[in-house]
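Participant: Okay, sequence plus prediction incoming.
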Amino acid sequence: MFTAAATFCPSVGLACPAGQGGRGMMERNKPKIDARAGQASPLGVVISENDKATMSMVRQAIDAKRLRLAYQPVVLARDPTRIAFYEGLMRVLEPSGRIIPAKDFIGTVESHEIGREIDCAALEIGMAALARHPHLRLSVNMSARSIGYPRWVRTLRRGLSVAPTIGERLILEITESSAMLVPEIVVAFMDDLKAEGIAFALDDFGSGYTAIRYFKDFFFDILKIDGQFIRNIHQDRDNQALTSALLSIGKHFQMFTVAEAVETKAEAELLRAMGVDCMQGYLFGAPTLKPSFATQEAAAAKQKKSA
């Protein structure tokens with residue numbers, strides 16, 4: 001079990017190697033100052049006010065337990081009727097009933113401790129789903145910043161203790177940009193958790209700045225190709241070339257490949273011909289708070305009870 005290859009540094013919202021205080025990161029995270037006026041720029045103030053509103057909205061949702069996972073299927077390319085696993089995507093429920101997707105707030109909260117709380121909530125909800133549904137395989141998103149965060153580690157330990165098969169049905173997704181913040185810590189973290197049977201997915205591959213040399217050390221099982229390279233791939237020769245290169249990297253390092261944001265049959269057909277292993281996107285199902293695996297099991301249980 002992962003213990004403490006890293007120490008969580010609240011000041012930077014990041015796991016830091018033991019003995020390092022993350023001073024360089026604190027310097028990079030300082031607000032931009034207008035040298036001529038000697039004060040924060042007006043644009044920075046506007047962004048700060050918007051961020052405050054977002055942070056407040058997320059804080060209220062956490063306190064009121066209005067966080068949910070929306071589940072989106074990841075299907076086999078050779079047979080899209082078969083689901084390889086689901087991805088759990090964080091959602092905030094407003095009192096009005098409006099559902100707010102993670103993309104609308106995660107960029108604001110990720111570098112703060114409230115981002116760690118979001119990761120803890122996602123893991124807790126995901127582990128509970130795995131415990132309730134013994135045939136479910138689920139990926140849960142996390143930031144590399146949550147490595148070493150005590151509550152996240154406790155949540156993982158508690159979830160794994162519920163049933164012996166939960167670890168082997170859990171996939172932890174880490175974005176490429178997040179993984180490259182502290183690659184050495186990510187490597188140690190993955191190495192420790194492999195014994196639990198947990199799989200790892202590198203999310204949004206191609207959107208960040210991964211140093212290819214780290215692929216020799218990383219233990220990613222799944223490579224998820226960013227949707228910017230998938231959109232209109234059947235018509236875009238540049239996207240075809242880039243996706244082919246990313247697939248080649250995945251195959252070389254024996255990683256299962258997933259194409260994200262697949263929305264048309266034409267895209268799916270070309271990706272299948274290119275040799276992608278799995279596909280994910282609105283063509284195969286939108287993220288939903290009421291996934292088919294839950295409704296089907298509920299219906300079966302009701303039928304069994306009435307028999």
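Facilitator: It's in.
Participant: make it CA atoms for all contacts and neighbour counts henceforth
Facilitator: OK.
Participant: Can you tell me the SS state at the residue most central in space within the chain?
Facilitator: Against the mean C-alpha coordinate of the chain, by Cα atoms, centre = their mean, the closest residue is N141 at 2.5 Å. Applying DSSP: H, G, I helix; E, B strand; the rest coil to N141 yields a three-state assignment of strand.
Participant: again with R68
Facilitator: Under the three-state scheme (three-state DSSP), R68 adopts strand.
Participant: surely it meets E124?
Facilitator: No: the pair R68 / E124 is not scored as a contact, 10.4 Å apart, by Cα atoms under 8 Å.
Participant: From the chain's centroid, how far away is the longest helix seen in the chain?
Facilitator: In terms of residue count, the longest helix belonging to the chain (DSSP state H) is helix 42-63. With Cα atoms, centre = their mean, to the nearest Å as the basis, helix 42-63 stands 22 Å off its chain's centre.
Participant: And stretch 260-272, what's buried?
Facilitator: Neighbour-count burial for stretch 260-272 flags E260, A261, V262, E263, T264, E267, A268, L271, R272 (criterion: 16 or more other Cα atoms under 10 Å).
Participant: now the third one: how far from P80?
Facilitator: Same thing as V262. 12 Å (Cα to Cα, to the nearest Å).
Participant: got it, and the second one?
Facilitator: Distance, A261 to P80, using Cα to Cα: 14 Å.
Participant: With the last one instead?
Facilitator: Between R272 and P80 the distance is 10 Å, computed by Cα to Cα.
Participant: re the thing from before, my read: the residue nearest to the centre of the chain touches E176, true?
Facilitator: No: the pair N141 and E176 fails to qualify as a contact (Cα under 8 Å) at a distance of 11.8 Å.
Participant: Can you verify E263 is assigned to a strand?
Facilitator: No: counting by three-state DSSP, E263 is not found in a strand; it is coil.
Participant: burial count for the closest residue to it other than its chain neighbours?
Facilitator: Excluding the flanking residues, the one nearest E263 by Cα to Cα, 6 or more residues apart in numbering is L283, at 4.6 Å. For L283, the number of neighbouring residues by other Cα atoms under 10 Å comes to 15.
Participant: Please report the distance of the residue nearest to the residue nearest to the centre of the chain when sequence neighbours are not counted from L270.
Facilitator: What sits nearest to N141 in space, not counting adjacent residues and going by Cα to Cα, 6+ apart, is E173, at 4.6 Å. Per Cα to Cα, E173 is found 25 Å from L270.
Participant: Now do the contacts for the nearest residue to L76 once chain neighbours are set aside.
Facilitator: Spatially, and ignoring its direct neighbours in sequence, L76 is nearest to C278 (4.5 Å; Cα to Cα, 6+ apart). Counting by Cα atoms under 8 Å, 6 or more residues apart in numbering, C278 touches V74, V75, L76, A77, R78, A84, F256, T257, V258, A259.
Participant: One more: W152?
Facilitator: Counted by Cα under 8 Å, 6+ apart, W152 has contacts R116, D119, C120, L123, S146.
Participant: could I get the residues you listed as CSV with secondary structure, neighbour count and distance to F200?
Facilitator: Output for the contacts of W152, formatted as CSV (DSSP: H, G, I helix; E, B strand; the rest coil; neighbours: other Cα atoms under 10 Å; distance: Cα to Cα, whole Å):
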residue, secondary structure, neighbour count, distance to F200
R116, helix, 26, 19
D119, helix, 22, 15
C120, helix, 22, 17
L123, helix, 26, 14
S146, helix, 24, 15
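Participant: Save those residues as a markdown table, and put in distance to P101 too.
Facilitator: As requested, those are exported to a markdown table (distance: Cα to Cα, whole Å):
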| residue | distance to P101 |
| --- | --- |
| R116 | 17 |
| D119 | 14 |
| C120 | 17 |
| L123 | 17 |
| S146 | 20 |
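Participant: tell me which of the residues you listed is nearest to V162?
Facilitator: Distance to V162, by Cα to Cα, is smallest for L123 among those, at 13.8 Å.
Participant: The closest one against T155, yeah?
Facilitator: Yes: counting by Cα under 8 Å, L123 touches T155, with 7.1 Å between them.
Participant: Number of residues surrounding A144?
Facilitator: Residues near A144, counting by other Cα under 10 Å: 27.
Participant: If you could redo that for Y214, that was the one I meant.
Facilitator: Residues near Y214, counting by other Cα under 10 Å: 13.
Participant: so how far is S146 from the closest residue to it other than its chain neighbours?
Facilitator: Distance criterion Cα to Cα, 6+ apart; nearest residue to Y214, sequence neighbours excluded, is P183 at 7.4 Å. From P183 across to S146, the span is 13 Å (Cα to Cα).
Participant: What ranges does this protein have for its strands?
Facilitator: With strands called from DSSP state E, the chain shows them at 6-9, 14-17, 33-34, 39-40, 67-76, 83-93, 99-101, 138-142, 170-175, 199-205, 222-225, 256-259, 278-280.
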